[in-house]
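sequence? don't have it. structure:
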């Protein structure tokens, strides 16, 4: 399958080039994000002090900004990193964890999106909230509202901010406002492992760092984690062993496995 | 066994209703707390910024306040969350990690207890320190002083502050100042897994969220983790595999296993 | 082998005496550091608030200062802890994560080293940066530059600041400016587990806490983790299961295994 080969090429580029990914992420996701990045051969760096974030961006091949445990000082560092990344042509991925759950998170997510990251990845309720289309507050950070209206919102945001928008859920949908890609991998048990979505955003950053096509690279990262996760779920006893197996699976993933299991459709 | 059935009913209510649990916890415990909550079907949310904690409380079915890595800004957020939770009738669980180890922690624990959480869970030395009965500083956060005097202290605190107090150790003791419950599950190897006590406090919050009886719900959460932990310890090679097996075990726990292994006594 | 017996004696002293190790470490390393300390029988305590760090030092047998996610408030706490530890004769271990990657980290590392911790542990590029010998910025926090010049820099720093300096890499080298020790254990897969180097610094603190010889104790901690890591790598499927197996392996390590696998040379 053509897309599996392309996805594997991107994974191999990450393994070979070991892009440094600068993470300003939430406290829950730091450990798993760093471990997933190391598992695919990327080089994670966590730094959030305003005293050094611009210097860290200068070393990085991609930046991840995740608002899962936001606070004003951290948001200042995210803003500075994003501005620097834009100035240097370094792609940034924004993960608007819990947008819609509180007005503060929604405002922070919108402010950072206006600084034009290369990729925005969230679940349906987060994407809806950013687009101003969700009238009821979302229930926390793990909720998913997999509706067609979220896809429309993603498309609108992608066009308005010139970025790739990924709406992840049972089916993952990725768009740059023109093209659409769907990914049908993954397993429901993955929703029982904390920070796996956040860590997917970090993987996306690593893939985008080594690619010229942020739309495809985003879809490929989502597909790779989905394939690894659904295979890991086949033998896992629960979310604890699933987490371990996902880290191992990313490290071991080969082309044959990806070709056999990737369900990724480029729609137009 | 009657208590096993009741405990299982509470667990099933968590699995079905997926209560959102708002955690302001220490940096070490965030990952494991979130994973244990997800393993039992609860929905964890971590948030500590004063800008949003009241909004998060409004979404939550229970709140956990854990002072394991305290700092003034975090304590401000805990205070605001607790006051809001009281105003909204949402139960809060206080975990006074390291109370007695430093004057700062003891003072913070007492200040938060005075705001009347529904449940206070600590080891014997922490409970003694809060009650002002420990003259010597405790040795860090992992120490346990399983003495009868701690039970008296727990009873006094429960009556004074109108809360449930759980003193966990080799035998766990839970009281609301009138009734007493003892739980004899668990395994010594569990003390080698960091943040397992903190994560128990998060589990208690999930159980209390779906119950009308905070005393029983607290004891049931303690019994459930104890049963899962002692069974996991039978096959674990050490604390690393124990941690994974506990997460899996919580996800898989069924009524038959709980009936066979729960050792919980309601004393009066 | 004589060194294996000595290393095992130090490990047994940790297991028996359970030294309290005060950690001011980065957010990524907190979980694994605490778990490795518990696995060898030490008692970890994480505390970073200026309101309590001096009180925590007073309870501790050793202190770890790790600048992996530095910020001004945390650095203030590190400074206060180090000054207090020196005044009380408590050994401190400094882990200068990412020194050389940004000017801020390099400055923080140098400032803390000037306060004279007992042990400095870093990779070659970090040690070179602190010594002012690296003209090009290092690439993040996972890089290793295993050069002879780093050993010279370690020796110079050890003499200037009166401390033990450990340069870890494929071969680990430890010196107090007079004696040199080399350790040849470990496995390349260990570099794919985040925070394992940081957690090694925590282990060193536990070993130094129960020893009169910080040079040997540092080398023994490095050798113990190296032996456990290389044995774990033999059966691990990837970095996820490796991490679990390392925690279990530290808990289970016996003298026979250490004698068979430790490759530690005291050079002069």
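Done, it's in. Predicted model, so just to flag it, every value in this text is computed and none were measured.

how about the strands of chain A, start to end?
Assigned by DSSP state E, the strands in chain A fall at A:20-24, A:43-46, A:62-66, A:92-95, A:119-123, A:164-168, A:172-175, A:180-183, A:264-266.

Of all these, which one comes closest to residue C:6?
Comparing the strands of chain A by their distance to residue C:6 (Cβ to Cβ), the top pick is strand A:43-46, with 36.0 Å. All C-beta atoms are positioned from the backbone trio N, CA, C, and that covers glycine.

at contact distance from chain B, anything in the closest one?
No: judged by Cβ under 8 Å from any Cβ of the partner chain, strand A:43-46 makes no contact with chain B; its nearest approach is 12.4 Å.

pLDDT (mean, whole number) over that strand?
Throughout strand A:43-46, pLDDT has a mean value of 97.

Can you give me the buried ones in stretch A:5-13?
A:6-8, A:10-11, A:13 (16 or more other Cβ atoms under 10 Å in any protein chain shown).

re earlier: relative to residue C:176, which of the strands of chain A is closest?
The closest of these to residue C:176 is strand A:43-46. By Cβ to Cβ, the value is 30.9 Å.

May I have the strands that pair with the closest one, each with its orientation?
strand A:20-24 (parallel) (DSSP bridges).

before we move on, the earlier item: now, which of the buried residues of stretch A:5-13 lie within helices?
Mapping these onto helices (DSSP state H) picks out A:6-8, A:10-11, A:13.

of the buried residues of stretch A:5-13, closest to chain C?
residue A:11 (14.3 Å; Cβ to the nearest Cβ).

Retrieve the pLDDT associated with that closest one.
98.

Please give me every residue in contact with it.
Neighbouring residues of residue A:11 by Cβ atoms under 8 Å, 6 or more residues apart in numbering or on different chains: A:40, A:207, A:220, A:224, A:253, A:258.

What sits closest to the third one if chain neighbours are left out?
Leaving aside its chain neighbours, residue A:220 sits nearest to residue A:7 (3.7 Å; criterion: Cβ to Cβ, 6 or more residues apart in numbering or on different chains).

close enough to count as contact, the one you found and residue A:225?
No: Residue A:7 is not in contact with residue A:225 according to Cβ atoms under 8 Å; the separation is 10.8 Å.

Under the pLDDT cut-off, which ranges of the stretch 51-200 of chain A? List them.
A:134-146 (pLDDT under 70).

and the most centrally placed residue in chain A, what is it in contact with?
Nearest residue to the geometric centre of chain A (Cα atoms, centre = their mean): residue A:201, 1.9 Å. Contact analysis of residue A:201 by Cβ under 8 Å, 6+ apart lists A:33, A:64, A:66, A:93-95, A:121.

Chain A against chain C: which residues are in contact?
A:20, A:27, A:30-31, A:34-35, A:38-39, A:43-49, A:51-52, A:55-56, A:59, A:73, A:243-252.

near chain B, which residues of chain A show up?
Within chain A, the residues that sit near chain B (Cβ under 8 Å from any Cβ) are A:26-28, A:31-32, A:68-72, A:98, A:101-105, A:137, A:139-143, A:191-195, A:236-241, A:243-244.

Show me how to select, in ChimeraX, the buried members of those residues.
The command below creates a ChimeraX selection of those among the residues of chain A next to chain B that count as buried (16+ other Cβ under 10 Å):
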select /A:26,27,28,31,32,68,69,70,71,98,101,102,104,105,137,139,140,141,142,143,191,192,193,194,195,236,238,239,240,241,243,244
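
returning to what we had before: the residues of chain A next to chain C, buried ones only, as a ChimeraX selection?
To isolate the buried members of the residues of chain A next to chain C in ChimeraX, using 16+ other Cβ under 10 Å:
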select /A:20,27,30,31,34,35,38,39,43,44,45,46,47,48,49,51,52,55,56,59,73,243,244,245,246,247,248,249,250,251
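
and stretch A:256-263, how far from the chain's centre?
Offset of stretch A:256-263 from its chain centre (Cα atoms, centre = their mean, to the nearest Å): 21 Å.

what does it contact?
Stretch A:256-263 has contacts (Cβ under 8 Å, 6+ apart) with A:1, A:3-5, A:7-8, A:11, A:183-185, A:223-224, A:226-227, A:230-231.

Many thanks, have a good one.
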